[in-house]
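Chemist: Got a sequence here, can you model it:
(one chain, ligands or ions: 1)
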Amino acid sequence: MLEEHLPGAVTASSRRVTRSGTGRPGYGLLPAVGDWRSARADIYERLISEELGEDQTGAFLVWGDPSLYDSTIGILEEVLERGRVVFGYDVVPGISSVSALVARHRTGLNRVARPVQITTGRRLAEGFPEGVDDVVVMLDAHQSFRAYADQDVDIYWGAYIGTPDEILVSGPLAEAAPRIERLRAQARERKGWIMDTYLLRRRPSES
Ligand SMILES: C[S@@+](CC[C@H](N)C(=O)[O-])C[C@H]1O[C@@H](n2cnc3c(N)ncnc32)[C@H](O)[C@@H]1O
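Modeler: All right, here's what the predicted structure looks like:
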């Protein structure tokens, strides 16, 4: 991506930090989030202090948009709070997978004068959010939408959105759910990882 947009203009450093889990199925990674953030803060701090000259500008390339389920801004604030490196920064908005999802399905996020909620698979597994009929779900490794397949709900699902591997499925949840499960398992097997997001849209009751 950097080569495409900034050919030859930057030195890119890539660092991988893996999260450790507690072994609790599905949610095992969450208790370790604090440690994981601090580990990333260590790396960011080192990159800024050792790989950037006084007058140089660096950039963190965030997947999608840093405003949605992303820790980059919080980590940079943690680095600043430590006080060992001093810098200013701007946030450049990107296209979130949520925006890309509804665009690819040629729909909107909400219906006229109605709210929309963005949540996680973990929270959806606890219940359909109250007071909303349009719910966007991210970070769902367990296909929590299956719990609502007996309800009057449509799904707009997408995996690897915006990439050459993009897969899109939409329709009544009862019909689409088995297809999504199958495609998701196949894609995950083929690529070794998957990123998917979906919108659940409850149909208005006929009264
Ligand atoms: C940690 S969040 C980061 C989201 C990111 N900040 C954004 O704007 O989309 C990761 C989640 O975003 C969603 N996601 C990110 N990229 C995606 C893509 N290309 N296609 C589908 N879902 C994606 C998935 O739900 C994934 O679990």
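Chemist: Is it correct that residue 97 is in contact with residue 139?
Modeler: No: Residue 97 is beyond contact range of residue 139, at 10.6 Å (criterion: C-beta atoms under 8 Å). C-beta: built from backbone N, CA, C; applies to glycine.
Chemist: Strands of the protein, start to end?
Modeler: 117-120, 134-138, 153-159, 167-172, 196-202 (DSSP state E).
Chemist: Mind putting these into a markdown table with mean neighbour count, mean pLDDT and distance to residue 7?
Modeler: Output for the strands of the chain, formatted as a markdown table (neighbours: other C-beta atoms under 10 Å; pLDDT from 0 to 100; distance: least, C-beta to C-beta, whole Å):
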| stretch | mean neighbour count | mean pLDDT | distance to residue 7 |
| --- | --- | --- | --- |
| strand 117-120 | 18 | 98 | 35 |
| strand 134-138 | 22 | 98 | 32 |
| strand 153-159 | 23 | 98 | 29 |
| strand 167-172 | 16 | 98 | 30 |
| strand 196-202 | 23 | 98 | 30 |
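Chemist: nearest to residue 35, of those strands?
Modeler: Closest to residue 35 of the strands of the chain, according to C-beta to C-beta: strand 117-120, at 19.9 Å.
Chemist: Packing partners of the closest one?
Modeler: strand 134-138 (3 or more C-beta pairs under 8 Å, 6 or more residues apart in numbering; DSSP states H and E).
Chemist: Strand partners (parallel or antiparallel) of the strand it packs on?
Modeler: strand 117-120 (parallel), strand 196-202 (antiparallel) (DSSP bridges).
Chemist: per the record, what domains does this protein have?
Modeler: Domain segmentation of the chain under automatic domain parsing yields 2-82, 97-202.
Chemist: and the longest one, how far out from the chain's middle?
Modeler: If I follow you right, that is domain 97-202. Relative to its parent chain, domain 97-202 has a centroid offset of 12 Å by C-alpha atoms, centre = their mean, to the nearest Å.
Chemist: more neighbours, residue 97 and residue 139?
Modeler: Legend: neighbour count by other C-beta atoms under 10 Å for residue 97 and residue 139, higher for residue 97 (23 against 13).
Chemist: thinking again about what came up before, for the domains of the chain, which one sits closest to the ligand?
Modeler: Closest to the ligand of the domains of the chain, according to C-beta to the nearest ligand atom: domain 2-82, at 2.3 Å.
Chemist: Tabulate the strands of the chain (TSV), appending distance to residue 65.
Modeler: Below are the strands of the chain laid out as TSV (distance: least, C-beta to C-beta, whole Å):
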stretch	distance to residue 65
strand 117-120	11
strand 134-138	11
strand 153-159	16
strand 167-172	20
strand 196-202	12
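Chemist: Dump those into a markdown table; add distance to the ligand as well.
Modeler: Converted to a markdown table, the strands of the chain look like this (distance: least, C-beta to the nearest ligand atom, whole Å):
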| stretch | distance to the ligand |
| --- | --- |
| strand 117-120 | 8 |
| strand 134-138 | 3 |
| strand 153-159 | 5 |
| strand 167-172 | 9 |
| strand 196-202 | 4 |
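Chemist: what does stretch 170-177 contact?
Modeler: Contacts to stretch 170-177, defined as C-beta atoms under 8 Å, 6 or more residues apart in numbering, come from residues 105, 143, 145-146, 148-151, 153-157, 169, 200.
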